[in-house]
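Q: Fold the following for me, if possible:
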Amino acid sequence: MTDDVLVRARDLQVHFPVRSKGLRRKVVGAVRAVDGVDLEVRRGETLGLVGESGCGKSTLGNALLRLVEPTGGTVEFDGADVTAMSRPALRALRRRAVMVFQDPYASLDPRATVGQTVAEPLQVHGLHPGARARASRVAELLELVGLDASVASRYPHEFSGGQRQRVGIARALAGEPDFVVCDEAIASLDVSVQAQVLNLLRRLQDQLGLTYLFVSHDLAAVRHVSDRIAVMYLGRVVEVGPAEQLAADPQHPYTQALLSAVPVPSPALERARRRTVLAGDVPSAAAVPSGCRFRTRCPHAFDPCPDVDPALQAVGAGQTAACHLHGVVGSREARV
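A: A predicted model of the protein is given here:
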């Protein structure tokens, strides 16, 4: 692993069995939620992971932390094989690689005070032993995320959604992690609060040297916060590139469609620009189309698409796309 790569996935797969009805409930198929993903997250960067609901982005984020067990492939964290880790090694990983969850209402224990919630990782990992030392560290963490230390004695129901998400971020940072997966961390918040949380995440990254995987269906938010963007469709990453470069010159038809759906602030430009409307619905992850899985909705589908699964190939400086329009007909051996 090169020094600038913190997390690397290779041919990562997460398949969930589909069982028949009745008493015996035999396995009759699989939902291919993550289906052969190659991905790298570099130290200190924010990699945005974007795609429609159900494309497998949250499952991928969970698999990188081994919160769900991969069916196949490998995940490396700082050179160590996560998929082969023992329970003690995995416990140590839980301190360095953490998640901020989507729903700040469901992710906090309503029976625990904010101070108890934030202190829990300190107790689990044996950090800052002693009640006084833990209380001092909890106060530091709350102030770090923009909350007054005095709120430690209050309960989650006394806070707004944005404040609860700040508590969730404080809890995630308690173990001084290197890698944070933000799983739709702003999706349930008001627009004005979303901007505040995004600015907080960027400040914390600069201050603490964090590495983020920012998972969202909101391409505008992903573009705002990310250094690079990976676009996911039906269990597979179909394009990766620097955020501004990918937004200005998308190379995959699916990315082009996603960007065309993002509103433009200028009414004149909004009226004049060309929209890409995709036909049909997203296929089921239990019945993935042959060849290119996007071909059933792609306006440019042609001869190789039904038969050959396109590999991620370089299409520009630091930009890769999995599409036969770039003259690539081959296997998936190419890497991100």
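Q: Which stretches in the stretch 201-336 of the chain count as strands?
A: 211-216, 228-233, 236-242, 313-316, 319-321 (DSSP state E, counting those that start in this stretch).
Q: Which of those strands has the lowest mean pLDDT?
A: Among the strands of the stretch 201-336 of the chain, strand 313-316 carries the lowest mean pLDDT, at a mean of 90.
Q: what's that strand in contact with?
A: For strand 313-316, the surrounding residues in contact (Cβ atoms under 8 Å, 6 or more residues apart in numbering) are G241, Q245, D249, Q251, T320, A321, A322, H326, V328, A334. To be clear about C-beta, it is placed using only N, CA and C from the backbone, and glycine gets the same treatment.
Q: How much space separates the first one from C305?
A: Meaning G241. Look at G241 and C305: by Cβ to Cβ, to the nearest Å, they are 22 Å apart.
Q: average pLDDT across stretch 74-94?
A: Mean predicted lDDT for stretch 74-94 stands at 94.
Q: First-to-last residue distance for that stretch?
A: With Cα to Cα, to the nearest Å applied, stretch 74-94 spans 18 Å between its terminal residues.
Q: Then stretch 101-119?
A: OK, stretch 101-119 end separation, Cα to Cα: 18 Å.
Q: quick one: buried residues of that stretch?
A: Of the residues in stretch 101-119, 101-104, 107-108, 113-119 count as buried by neighbour count, 16 or more other Cβ atoms under 10 Å.
Q: pLDDT (mean, whole number) over that stretch?
A: The predicted model gives stretch 101-119 an average pLDDT of 92.
Q: what comes into contact with it?
A: Contacts of stretch 101-119 (Cβ under 8 Å, 6+ apart): 58, 120, 134-135, 137-138, 141-142, 147, 151-157, 159, 161-162, 164-165, 167-168, 170-171, 174, 183-185, 187-189.
Q: same deal with stretch 152-165?
A: Residues contacting stretch 152-165 (Cβ under 8 Å, 6+ apart): 100, 104-105, 108-115, 117-118, 135, 138-139, 142, 147, 151, 167, 185-186, 188-190, 193, 196-197.
Q: Quick check: the spatially closest residue to E76 that is not a sequence neighbour vs P250, distance?
A: Leaving aside its chain neighbours, E76 sits nearest to R8 (4.6 Å; criterion: Cβ to Cβ, 6 or more residues apart in numbering). Distance from R8 to P250, counting by Cβ to Cβ: 24 Å.
Q: and if you look at E140?
A: Distance from E140 to P250, by Cβ to Cβ: 42 Å.
Q: got it, and T71?
A: 30 Å.
Q: of the two, who's got more company?
A: With neighbours defined as other Cβ atoms under 10 Å, T71 and P250 compare such that P250 has more, 23 against 17.
Q: Nearest residue to that one in space, ignoring adjacent ones along the chain?
A: Distance criterion Cβ to Cβ, 6+ apart; nearest residue to P250, sequence neighbours excluded, is Q256 at 4.7 Å.
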